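Visitor: Predicted coordinates and the sequence they were generated for:
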Amino acid sequence: MALRDRIPADLFSQIEQHLNNICRANAKSSWRRNKAKEDSISGAFFQGIAVAERSWEDWSWNLEYSNLSNHKIEPHLGADGIFQIEIRDERGRVIFRKGFLYQSKKQGNSDKRRLEEQLENIERHVPNGGLLLTYDEDRFMAVPGRIYLNDKNWENQERNICAFLVQRFLECLFGIRDLYYNFDREEIMLENAPLPIVPKAVASINIKKND
């Protein structure tokens, strides 16, 4: 069941409005302040739209991210970071949680093979759960990693990152259910267990949920 169908309509609207109101201005400022380094741009962007906790009546929600660039799993996982949403009901129970892994590149980056390897690593761990962010001074775009790897016309399917978050991530057309970063354990979790990290020599791993 999609998020829109699981929570009160006014709560969904609050989250949607937050993303619509802050996202575009934050994308521009993230580039201006951090354009020298790719993962710093995406880190600043997600930090700018993150919400530690916000309430709606007796419910609460958060949008959080973690930078994985210096994490011990990054060479195997291939991701710059993880972005996630969590919703708690009036009794404090987590009723919805999902996330995605992302890799970031500035427009014109010429190391295509390295980018493909990074996205392939993400895909091995979390099929359909990787997002490629590409940006320059005027554009901040997003495309699912699987599309980049398998569609030579992938640029036709790029979307502005803000539109992507609202229209695809929030609407549950992209992202992995129960994928999140546990800040206390400093681990990526899937269905409340640590995400198995697969050495590069291993070909594949099956992940069950994807909505």
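Guide: Nice, I can see it. Residues are numbered from 1 along each chain as shown.
Visitor: burial count for A193?
Guide: 9 (other Cβ atoms under 10 Å). Yep, even glycine has a C-beta here, placed from its N, CA and C like the rest.
Visitor: Next one: it, what pLDDT does it get?
Guide: As predicted, A193 sits at a pLDDT of 95.
Visitor: in the strand or helix carrying Y181, what counts as buried?
Guide: Following DSSP states H and E, one finds Y181 within strand 179-182. Buried residues in strand 179-182, counting neighbours by 16 or more other Cβ atoms under 10 Å, are found at 179-181.
Visitor: Let me know how buried E187 is, in neighbour terms.
Guide: For E187, using other Cβ under 10 Å, the count is 15.
Visitor: Check which helices and strands the lowest-mean-pLDDT helix or strand in the chain sits against.
Guide: Ranking every helix and strand in the chain by mean pLDDT, DSSP states H and E puts helix 38-49 at the bottom, with a mean of 82. Helix 38-49 sits against helix 9-34, strand 59-67, strand 81-88, strand 94-106, with contacts defined as 3 or more Cβ pairs under 8 Å, 6 or more residues apart in numbering; DSSP states H and E.
Visitor: now these in JSON lines, with mean pLDDT, mean neighbour count and distance to E120?
Guide: Output for these, formatted as JSON lines (pLDDT from 0 to 100; neighbours: other Cβ atoms under 10 Å; distance: least, Cβ to Cβ, whole Å):
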{"stretch": "helix 9-34", "mean pLDDT": "84", "mean neighbour count": "15", "distance to E120": "26"}
{"stretch": "strand 59-67", "mean pLDDT": "96", "mean neighbour count": "19", "distance to E120": "21"}
{"stretch": "strand 81-88", "mean pLDDT": "97", "mean neighbour count": "22", "distance to E120": "18"}
{"stretch": "strand 94-106", "mean pLDDT": "94", "mean neighbour count": "21", "distance to E120": "11"}
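Visitor: Please convert the ones you listed to JSON lines, extending it with distance to I197.
Guide: Converted to JSON lines, these look like this (distance: least, Cβ to Cβ, whole Å):
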{"stretch": "helix 9-34", "distance to I197": "28"}
{"stretch": "strand 59-67", "distance to I197": "15"}
{"stretch": "strand 81-88", "distance to I197": "13"}
{"stretch": "strand 94-106", "distance to I197": "12"}
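Visitor: could you check the angle strand 81-88 makes with the helix or strand just after the least confident helix or strand of the chain?
Guide: Counting by DSSP H and E, the element after helix 38-49 in chain order, helix or strand, is strand 51-56. Interaxial angle, strand 51-56 versus strand 81-88 (axes from the mean of the first three to the mean of the last three Cα atoms, to 10 degrees): 20 degrees.
Visitor: All good on my end, thank you.
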